[in-house]
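Peer 1: here is the input, now give the coordinates:
(one chain, ligands or ions: 2)
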Amino acid sequence: MANAQFPPAPEEDEGLRDRLRRRRRTEWKRKQRGQTFLDNLIVSIRAGSGGDGCVAFHREKFKPYGPPSGGNGGRGGDVYIMPTPHLTTLSAIAKKIRGNPGANGQGTWQNGKNGEPLVIRVPLGTIVREIPRGDSRRSKDEWEAEEESLEGLNAEERLEKMRDNRWVHYPRFGEANITRDSFKESEKSLYRHERERRLARRQRELEEPIYHDLDKEMISSRPVDAPLGARHREPLGHLVASGGSGGLGNPHFLSQLNRAPKFATRGQPGERITLALELKILADVGFVGMPNAGKSTLLRALTGGRAKSEVASYAFTTLNPVVGIVRVAADGTFEGGVKPGQVHDETLIEEQLERERMQRGDAAHALTRNQTAERHASLRVDTDRGGYHFDMAETFRFTIADNPGLISDSSENVGLGHSFLRSMERSLALAYIVDLSAPAPWEELLVLREELEKYQPGMSRKARIVIANKADLLGGDGDDAAVIEAKEKLRRLEEFVAERLLSGDGRKLDVVPVSAKFSQNLTRVVGLMRTYVQEARDQLMAPTPKELDVLQPGPPLGAPQ
Ligand SMILES: Nc1nc2c(ncn2[C@@H]2O[C@H](COP(=O)(O)OP(=O)(O)OP(=O)(O)O)[C@@H](O)[C@H]2O)c(=O)[nH]1
Ligand SMILES: [Mg+2]
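Peer 2: Numbers count the residues shown, from 1 in each chain. Ligands and ions are numbered 1, 2, ... in the order given. Below is the predicted model of the structure:
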């Protein structure tokens, strides 16, 4: 029997397979040397094309020759780009984006509907650049695309195809139209307009290429006392590609010479733009540490398990930066930090426990979301939403970023490379995470600082705190010798930090022993981080000396100089 040789995989095998799969992924990522961090993306965008104009004539009883009545086409939808704090990676953004087309015009003067605008949502901290002409990553613009489709045709065929792309004819009048002078005139003027548009576009590309540093959320600026029913639009973001104009219906071509124009124009194609997106994550505090120091565990502990970052006992578990939000109450407690007995273990172990819990049927009698909603129907608030109970308590929030492990030479792109360091350039503060159970945790610190400096001189000055993790592993079972040894180790670490590491303003770095896994001493960490973030934010808000000059009253008019 074939099956006897390969028995069906039991639970353990499944775990093993999972582990292997994850390891393979890590290895693959390491081989890429960090080139596959999703912090850069090229997107080619086509705004919606305009709808075609219509050729029609009005028909009515006793009116054999009604006037031309074709409606205009609708405008193609514009494409906007808008930062949102709800995204933290570029992974959800499509590489090709098409705007909504405008609808075609119809008879009896019915104009086509305009295409709805399309909003590309990108994470806060994204930098948007237009890729210039001549760059190989740029995709073709609308004229180059047409040029390409005409390749290999002779002059006559080209002309015919170009006409096809631009004109709509009344059935069976195509041939007759193009010989008419009035058509030729219109065609000439259409090409002239097109050349002007093309020129203006090139000029715009050269003089003001699209560039946006999307580091602020765009909030609707509706005044709170606006009258009811006042017209109001939510912000769409920054316009990056405008939709094509709609085609003109045949009434537009009515003239003394041509009383019954039998042609209309097609809609123009939407703008085609290629943008390079670069993500510089905007986290207030960035974690820096060797692989396996417990950065991901700490992120989960500080966010009450809400930020999902993978945790495992091998190096380079984390492959991309992950951002989490820390919510702090007035008394210094933080969301998720209050649950007693919660352990943040390795992801696989947690998944296994969860699976067992489900199989045991522990959640079988729990109310479903709909049932609980019914219970709270009078309140009509989603009280089951994660974090709801903390909404009232929250007085401050900041974001933290878990990063892949840093190893020596990583700024030369060994290991996972330095790509993610770029995402930390804009953090307000950095936190070193070291493994206190390692024989000499202080040595790690020098390597980490070195790496930061190698990547960008001065970057290590943002470091404000050393978090000595895995403190639970020290002190043995509480016997005196081990406890004394642990205290001695911590003291050495503190001494080392005091002597060798200083932050940007010459202050000592704080040293805090914690256990991320068992959520110990984290309130202290949160409190300290909060002060760093607050200070840095205040500094950002403070007026610059130049602004202060403006604020100061000048000498009174007519006073001697
Ligand atoms: N005993 C103990 N173990 C911990 C603690 N924090 C983390 N660990 C364990 O340390 C191992 C590594 O944790 P991670 O959070 O994945 O470490 P990391 O720094 O994110 O590692 P990379 O993503 O590879 O850089 C896991 O097995 C954790 O369970 C702690 O406070 N105490
Ligand atoms: Mg990690």
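
Peer 1: does any bit of stretch 310-327 sit next to ligand 1?
Peer 2: Yes. Using CB under 6 Å from any ligand atom, stretch 310-327 reaches ligand 1 at 311-313, 315-318. Glycine gets a C-beta too; all of them are placed from N, C-alpha and C.

Peer 1: could I get the average pLDDT for that stretch?
Peer 2: The average pLDDT for stretch 310-327 rounds to 76.

Peer 1: so which bits of it are buried?
Peer 2: Neighbour-count burial for stretch 310-327, counted by 16 or more other CB atoms under 10 Å, picks out 310-312, 315-327.

Peer 1: among the residues you listed, which are in strands?
Peer 2: 322-327 (DSSP state E).

Peer 1: and the residues of stretch 310-327 next to ligand 1 as a markdown table, adding distance to P223?
Peer 2: As requested, the residues of stretch 310-327 next to ligand 1 are exported to a markdown table (distance: CB to CB, whole Å):
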| residue | distance to P223 |
| --- | --- |
| V311 | 47 |
| A312 | 51 |
| S313 | 55 |
| A315 | 54 |
| F316 | 51 |
| T317 | 49 |
| T318 | 44 |
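
Peer 1: now for the residue lying closest to A103 once chain neighbours are set aside, how many residues are close by?
Peer 2: Leaving aside its chain neighbours, A103 sits nearest to G112 (3.6 Å; criterion: CB to CB, 6 or more residues apart in numbering). By other CB atoms under 10 Å, 25 other residues sit near G112.

Peer 1: pull the contacting residues for G112.
Peer 2: 51-52, 71-74, 102-106, 246 (CB atoms under 8 Å, 6 or more residues apart in numbering).

Peer 1: need the three-state assignment for it.
Peer 2: The three-state assignment at G112 reads coil, by DSSP: H, G, I helix; E, B strand; the rest coil.

Peer 1: which residues of the stretch 201-350 of the chain fall in strands?
Peer 2: Along the stretch 201-350 of the chain, counting by DSSP state E, counting those that start in this stretch, strands occupy 211-214, 238-241, 263-265, 272-279, 285-289, 322-329.

Peer 1: what is the fourth one packed up against?
Peer 2: Translated: strand 272-279. Applying 3 or more CB pairs under 8 Å, 6 or more residues apart in numbering; DSSP states H and E, one finds that strand 272-279 makes contact with strand 40-46, strand 118-123, strand 126-130, strand 238-241.

Peer 1: for the fifth one, same thing?
Peer 2: Judged by 3+ CB pairs under 8 Å, 6+ apart, strand 285-289 is in contact with helix 295-302, strand 394-402, strand 429-435, helix 441-455, helix 522-541.

Peer 1: who in the stretch 201-350 of the chain is up against ligand 1?
Peer 2: So the stretch 201-350 of the chain meets ligand 1 at 289, 291-297, 311-313, 315-318, 345-346 (CB under 6 Å from any ligand atom).

Peer 1: show me which of those neighbour ligand 2.
Peer 2: Among those, the residues within reach of ligand 2 (CB under 5 Å from the ion) are 295-296, 317-318.

Peer 1: could you pull up the residues touching the residue lying closest to L299 once chain neighbours are set aside?
Peer 2: Distances taken as CB to CB, 6+ apart place D402 nearest to L299, at 3.9 Å, with adjacent residues excluded. Applying CB under 8 Å, 6+ apart, we find D402 in contact with 287, 295-296, 298-299, 307, 309, 318, 321-324.

Peer 1: TSV for the residues you listed, including distance to T265?
Peer 2: As requested, the contacts of D402 are exported to TSV (distance: CB to CB, whole Å):
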residue	distance to T265
F287	58
K295	60
S296	58
L298	62
L299	57
A307	54
S309	55
T318	55
P321	50
V322	51
V323	49
G324	54
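
Peer 1: now, which of those sits nearest R422?
Peer 2: Ranked by distance to R422 (CB to CB), the contacts of D402 are led by P321 at 9.9 Å.

Peer 1: isn't that closest one right next to E425, touching?
Peer 2: No. Counting by CB atoms under 8 Å, P321 does not reach E425; the two are 12.0 Å apart.

Peer 1: longest helix of this protein?
Peer 2: helix 181-207 (DSSP state H).

Peer 1: buried sites along it?
Peer 2: Here helix 181-207 shows 182-183, 186-187 as buried, counting by 16+ other CB under 10 Å.

Peer 1: so what pLDDT did the most centrally placed residue in the chain get?
Peer 2: Closest residue to the average C-alpha location of the chain: P123 at 2.2 Å, with CA atoms, centre = their mean. Confidence at P123, expressed as pLDDT, is 85.

Peer 1: beta partners for it?
Peer 2: T84 (DSSP bridges).

Peer 1: what sits against it?
Peer 2: By CB under 8 Å, 6+ apart, the contact set of P123 is 83-85, 87-90, 279, 281.

Peer 1: kindly report the same for V55.
Peer 2: By CB under 8 Å, 6+ apart, the neighbours of V55 are 68, 70, 168-170, 249-250, 261-264.

Peer 1: over to G74?
Peer 2: By CB under 8 Å, 6+ apart, the contact set of G74 is 50-51, 102-105, 111-115, 246, 267.

Peer 1: not counting sequence-adjacent ones, nearest residue to it?
Peer 2: Using CB to CB, 6+ apart and skipping residues adjacent in sequence, the residue nearest G74 is G102, 3.1 Å away.

Peer 1: doesn't that neighbour fall inside a strand?
Peer 2: No. Secondary structure of G102, determined by three-state DSSP: coil, with no strand assignment.

Peer 1: ok, for S149, nearest residue in space, not its chain neighbours?
Peer 2: K161 (7.5 Å).

Peer 1: for the helix or strand containing that neighbour, which residues meet the burial criterion?
Peer 2: If you go by DSSP states H and E, K161 is part of helix 155-166. In terms of neighbour count (16+ other CB under 10 Å), helix 155-166 has its buried residues at 162-163, 166.

Peer 1: okay, the residues you listed in JSON lines with pLDDT next?
Peer 2: Compiled in JSON lines, those are given as follows (pLDDT from 0 to 100):
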{"residue": "M162", "pLDDT": "90"}
{"residue": "R163", "pLDDT": "89"}
{"residue": "R166", "pLDDT": "91"}
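
Peer 1: tally of neighbours for the closest residue to A401 other than its chain neighbours?
Peer 2: Spatial nearest neighbour of A401, chain neighbours left out: A283 (3.4 Å); criterion: CB to CB, 6+ apart. Counted with other CB under 10 Å, the neighbours of A283 add up to 26.

Peer 1: make sure A283 is actually in contact with F420.
Peer 2: No. Look at A283 against F420 with CB under 8 Å: they stay out of range, at 11.2 Å.

Peer 1: report the outermost residue of the protein with respect to its centre.
Peer 2: Within the chain, the residue lying farthest from the chain centre (CA atoms, centre = their mean) is F62, at 62.6 Å.

Peer 1: contact residues of this protein facing ligand 2?
Peer 2: Neighbours of ligand 2 within the chain, by CB under 5 Å from the ion: 295-296, 317-318.

Peer 1: which of those sit farthest apart?
Peer 2: Farthest-apart pair in the residues of the chain next to ligand 2 is K295 and T317; separation 9.3 Å (CB to CB).

Peer 1: break the protein into its domains for me.
Peer 2: Domain assignment for the chain by automatic domain parsing gives 39-218+236-279, 285-360+390-541.

Peer 1: show me the shaky parts of the stretch 151-300 of the chain.
Peer 2: 281-282 (pLDDT under 70).

Peer 1: which stretches of the stretch 401-550 of the chain have low pLDDT?
Peer 2: 409-419, 423, 476, 478, 504, 542-550.

Peer 1: quick check: residues of it near ligand 1?
Peer 2: 404-405, 469-470, 472-473, 515-517.

Peer 1: top of those by number of neighbours, please.
Peer 2: In those, the most neighbours by other CB under 10 Å go to P404, 29 neighbours.

Peer 1: does it touch L319 like I think?
Peer 2: Yes. Counting by CB under 8 Å, P404 touches L319, with 6.1 Å between them.
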